[in-house]
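S.K.: predicted model and sequence below, questions to follow.
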Amino acid sequence: MTSVVSESIDGIRDVLSRAGESIVIGGKPGPSASGELIDTHDPATGEAIASIAAGGAADVDRAVSAATRALGSWQDLSAAARARILYDIAALIEDHAEELATLETLDNGKPLTESMFLDVGIAAEIWRYYAGWCTKIGGQTLPVSPPVGTSFAYTRREPLGVVGLIVPWNFPLLIASWKLAPALAAGNTVVLKPSELTSLSALRLVELVNEAGIPPGVVNLVTGYGHEAGQAMIEHSGIAKISFTGSTATGQRIVTASAASLKKLTLELGGKSANIVFPDADLAGAAEGALTGIFLNQGQVCCAGSRLFVHRSVHDEMLAVLESAARDIQLGHGLADGTEMGPLISPVQRDRVEGYLRSGTEQGATLVCGGQRPHGDLAAGNFLTPAVFSEVRDDMRIAREEIFGPVLSVFAFDDEAEVLRRANDSEFGLAAGLWTGDVKRAHRVAHQLQAGTVWINQYNMLDPAAPFGGYKASGYGRDLGEESLLGFTQTKSVWVSLD
Ligand code: NAD
């Protein structure tokens, strides 16, 4: 292990040593009821870095009870007092940015600069954005039609109660924050379950939330496996809503299993996003956007631009640029200087991605570069070199299924109507990008793309104010923006007799 890595680990050794007590209920950390642990690994080296508590149904039950008891203490606070706590959480995240970013990189593998500026930086802004909303959740006065002067009606936006937040491993702190902050701003109490692969930043975040003075039990953390702790949450009758981000397959299981208790659901699921380069685009900008669109976070991004459609007249030129840039991407430990891309999250994920690489070649696509396990220092980690496929047909598995890895498929197209049809020919509809110098075409195409987010002449932009979520099999409901906040409320109409 390099010295930079061991020095960084020294800085967070305390947190690692507390990981076995990662069930935080009523403000108090502890082990799981079963006493079982799950090892969490550094994906760049394969080494176990800590063991987290493996929570189950008994822990979820205790967490839901604590969250139910805490509803009064949270909702009795004035909106301004709740806002102050959320602002304090944002400030604490910034004060601990380096520590949080190091934890994230060590647990997830992504380069430290990404953890710092994207995960931790945006997480803090999200807390601040929703802190502002605490004092702005209003209702409406309604133009009802009984005889004039006899009745008056208005709406109130009320919290749902206890909500369950289940998050994946690709942006652990960021996604936990973008669910926690609006849920709390709206007056709910929470049980949070991070991925069993990356729970460390959630543990530290919940510690900071409690340090900010949130009443005990308002935010509870149950770490553990999806089929145990996660399943117990979706079956628990005391949870009013599940906000879930993860795979489409798990999302479908959640819909079925939560039917008995008729939970409200927000589901942010998989994607197979199209990124379209028209011939009048700034090609250098488009190439750069295509590269970050697919290789950010090792391609483990739900909105990754994994299908790149390039106009035939510029296709070969663009492919050459992409190949050369992909070959230059520096792989390494996320904590090491100069690293541009880290490892995949786990050996299982790497095997999965390699299965897609094989299938692409078997079905006749051309692997232009990448898709190899590096040798030497990186051999023990879950690394794969960034891969680019050309000659991909729309019906191949690599063109239709979410790979969730550093694999770009490049397609040629001839005209706008054709590329729109092909871009929309997907079961998913999370995001899309398009590159053009023609403002009319930009909006015309953006309006017709079936996706919850469309980027024009940029890719992967994210902001607390902009709703994020999918069309079609990419899910329903929205994270971020006002829409997420409203999704953590229910509307009550109040009628008043004036007679
Ligand atoms: P996953 O579905 O395997 O797991 C997500 C979370 O659900 C984890 O916390 C897991 O423990 C839990 N879980 C698993 N089985 C469960 C069950 N039966 N009941 C309740 N909870 C259960 O997904 P993942 O592999 O962690 O993440 C990758 C997936 O997430 C990709 O498909 C990606 O597209 C998707 N994703 C979507 C978005 C979005 O905003 N749309 C963002 C990030 C990731």
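M.R.: Everything's here; your move. Residues are numbered from 1 along each chain as shown.

S.K.: need phi/psi at residue 251.
M.R.: phi -60, psi -40 (degrees, to the nearest 10).

S.K.: actually, residue 267.
M.R.: Residue torsions, per degrees, to the nearest 10, at residue 267 are phi -120, psi 120.

S.K.: quick check: bridge partners of it?
M.R.: Residue 267 has the following beta-bridge partners by DSSP bridges: residue 244, residue 476.

S.K.: check contacts around it.
M.R.: Contact analysis of residue 267 by CB atoms under 8 Å, 6 or more residues apart in numbering lists 244, 251, 254-255, 475-477. Quick note: C-beta positions are derived from backbone N, CA and C, even for glycine.

S.K.: what's the answer for residue 366, then?
M.R.: Contacts for residue 366 (CB under 8 Å, 6+ apart) come out as 389-391.

S.K.: which residue does the stretch 51-200 of the chain bring closest to the ligand?
M.R.: residue 168 (3.2 Å; CB to the nearest ligand atom).

S.K.: state the distance from the residue nearest the centre of the chain to residue 151.
M.R.: With distances taken as CA atoms, centre = their mean, residue 175 lies nearest the centre of the chain, 4.4 Å away. Per CB to CB, to the nearest Å, residue 175 is found 44 Å from residue 151.

S.K.: please check the contacts of residue 366 and keep the buried ones.
M.R.: Among those, the ones that count as buried by 16 or more other CB atoms under 10 Å are 389-390.

S.K.: got the contacts of residue 366 as a markdown table, with distance to residue 439, secondary structure and pLDDT columns?
M.R.: Below are the contacts of residue 366 laid out as a markdown table (distance: CB to CB, whole Å; DSSP: H, G, I helix; E, B strand; the rest coil; pLDDT from 0 to 100):
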| residue | distance to residue 439 | secondary structure | pLDDT |
| --- | --- | --- | --- |
| 389 | 32 | strand | 98 |
| 390 | 30 | strand | 98 |
| 391 | 33 | coil | 98 |
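
S.K.: any chance of the contacts of residue 366 in CSV, plus distance to the ligand?
M.R.: As requested, the contacts of residue 366 are exported to CSV (distance: CB to the nearest ligand atom, whole Å):
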residue, distance to the ligand
389, 19
390, 24
391, 26
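
S.K.: could you tell me how many residues sit around the residue of the stretch 51-200 of the chain closest to the ligand?
M.R.: 23 (other CB atoms under 10 Å).

S.K.: check contacts around it.
M.R.: Contacts for residue 168 (CB under 8 Å, 6+ apart) come out as 175, 195, 245-247.

S.K.: under a three-state scheme, what state does it occupy?
M.R.: At residue 168 the chain is in coil, as set by DSSP: H, G, I helix; E, B strand; the rest coil.

S.K.: can you tell me the number of residues neighbouring the nearest residue to it once chain neighbours are set aside?
M.R.: Distances taken as CB to CB, 6 or more residues apart in numbering put residue 246 closest to residue 168, at 4.6 Å, once the chain neighbours are dropped. Residue 246 has 24 neighbouring residues, counting by other CB under 10 Å.

S.K.: phi, psi of residue 246?
M.R.: For residue 246, the backbone dihedrals (degrees, to the nearest 10) come out as phi 170, psi -160.

S.K.: right, I'll call it a day here.
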